[in-house]
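> sequence first, then the predicted structure, then my questions.
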Amino acid sequence: MIEELSCTCGGCDRELREESLRLTYRTESGERRAYECVCGTVTITVAR
């Protein structure tokens, strides 16, 4: 079981913070967030 989750860049493993949040999309299924890291990678997170 996962004890600790973190929101990190898929390209460079930097922690993604609110200032890198570019888009939030909410549906009945949950929330998706798009983050753009300073390295240029876009990371999508999904929460239900």
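Looks like it arrived, so ask away.

> partner strands of the worst-scoring helix or strand of the chain on mean pLDDT, with direction?
Across the helices and strands of the chain, mean pLDDT, DSSP states H and E gives its lowest value to strand 42-47, namely a mean of 92. Here strand 42-47 has these sheet partners by DSSP bridges: strand 30-36 (antiparallel).

> so Glu3 sits in a helix?
No: read with DSSP: H, G, I helix; E, B strand; the rest coil, Glu3 is coil and lies in no helix.

> pretty sure Arg48 sits against Glu28.
No: if you go by Cβ atoms under 8 Å, Arg48 and Glu28 don't touch, sitting 10.1 Å apart. Every residue, glycine included, has its C-beta placed from N, CA and C.

> just give me how far the helix or strand containing Leu23 sits from the chain centre.
Leu23 belongs to strand 21-27 when elements are defined using DSSP states H and E. Here strand 21-27 is found 10 Å from its chain centre; the criterion is Cα atoms, centre = their mean, to the nearest Å.

> tell me what it is packed against?
The helices and strands touching strand 21-27, judged by 3 or more Cβ pairs under 8 Å, 6 or more residues apart in numbering; DSSP states H and E, are strand 30-36.

> excluding covalently adjacent residues, which one is nearest to Arg48?
Spatial nearest neighbour of Arg48, excluding adjacent residues (Cβ to Cβ, 6 or more residues apart in numbering): Gly30 at 3.9 Å.

> quick one: contacts for the one you found?
For Gly30, the contact set (Cβ atoms under 8 Å, 6 or more residues apart in numbering) comprises Val46, Ala47, Arg48.

> now do it against Cys12, distance only.
Applying Cβ to Cβ, to the nearest Å, the value for Gly30 to Cys12 is 26 Å.

> for Thr27, same thing?
Distance from Thr27 to Cys12, by Cβ to Cβ: 29 Å.

> in this structure, where is pLDDT below threshold?
When residues are selected by pLDDT under 70, those of the chain lie in 1-2.

> hmm, back to that, so what sits opposite the residue nearest to Arg48 in the bridge?
Beta-bridge partners recorded for Gly30 (DSSP bridges): Thr27.
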